[in-house]
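Peer 1: Sequence first, predicted coordinates after that:
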Amino acid sequence: MCLMGVLLRAGDRVLVLGLGQCSSARLREWAAALTDGFLVGVGEEDAVRRVRRELADLENVMFTPGSRGEIPWKEIFFTAILDAEGGDETPEMRRVLRGDGRIYSIQP
């Protein structure tokens, strides 16, 4: 499914960077496209608390504090990264992305 120029497959494991720039509606839309996958959002603590509260009804999402320079996840796990911060690609992003994974710079 292509949403706002982002190709998401049902089984994707998606990392969203920059939760503070993402609306809950947009996160909900992406999570709905992941019928067999899930979405992990990383951002500042205030943004994490906000989206946890607003999207508590969703089962295929997880939100955790972190940053593009320190992603609290294991290596080569994600199939897609949605970067709402618009910065340069970091070694951390490459570390957690599978070899065939995709990185999208998004406008939230």
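Peer 2: Sure, I can see it.
Peer 1: okay, and the helix or strand of the chain with the least pLDDT?
Peer 2: Every helix and strand in the chain was compared by mean pLDDT, DSSP states H and E; the lowest is strand 2-3, with a mean of 48.
Peer 1: ok, which stretches of this structure are helices?
Peer 2: All helices of the chain, identified by DSSP state H, fall at 24-33, 45-54, 91-96.
Peer 1: okay, those in CSV with distance to Ile81 next?
Peer 2: For the C-beta atoms, the positions are set from N, CA and C on the backbone; glycine is no exception. Supplementary listing: the helices of the chain in CSV, determined by distance: least, CB to CB, whole Å:
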stretch, distance to Ile81
helix 24-33, 12
helix 45-54, 17
helix 91-96, 6
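Peer 1: Point out the most buried one among those.
Peer 2: Using mean count of other CB atoms under 10 Å, the stretch among the helices of the chain with the largest mean neighbour count is helix 24-33, at a mean of 17.
Peer 1: Quick one: list the elements packing against it.
Peer 2: Packing partners of helix 24-33 (3 or more CB pairs under 8 Å, 6 or more residues apart in numbering; DSSP states H and E): strand 2-3, strand 13-17, strand 38-43, helix 45-54.
Peer 1: Any idea which of those gets closest to Met62?
Peer 2: The stretch from the helices and strands packed on helix 24-33 with the least distance to Met62 (CB to CB) is strand 38-43; that distance is 5.0 Å.
Peer 1: residues making contact with that closest one?
Peer 2: Strand 38-43 is contacted from outside by 13-20, 22, 27, 30-31, 48, 51, 60-68, 71-73, 78, using CB atoms under 8 Å, 6 or more residues apart in numbering.
Peer 1: Centre of the chain to it, how far?
Peer 2: Distance of strand 38-43 from the chain centroid (CA atoms, centre = their mean, to the nearest Å) equals 4 Å.
Peer 1: Stretch 84-91 too?
Peer 2: The answer for stretch 84-91 is 13 Å, by CA atoms, centre = their mean.
Peer 1: buried set for that stretch?
Peer 2: For stretch 84-91, the neighbour count (16 or more other CB atoms under 10 Å) marks Ala84, Glu85 as buried.
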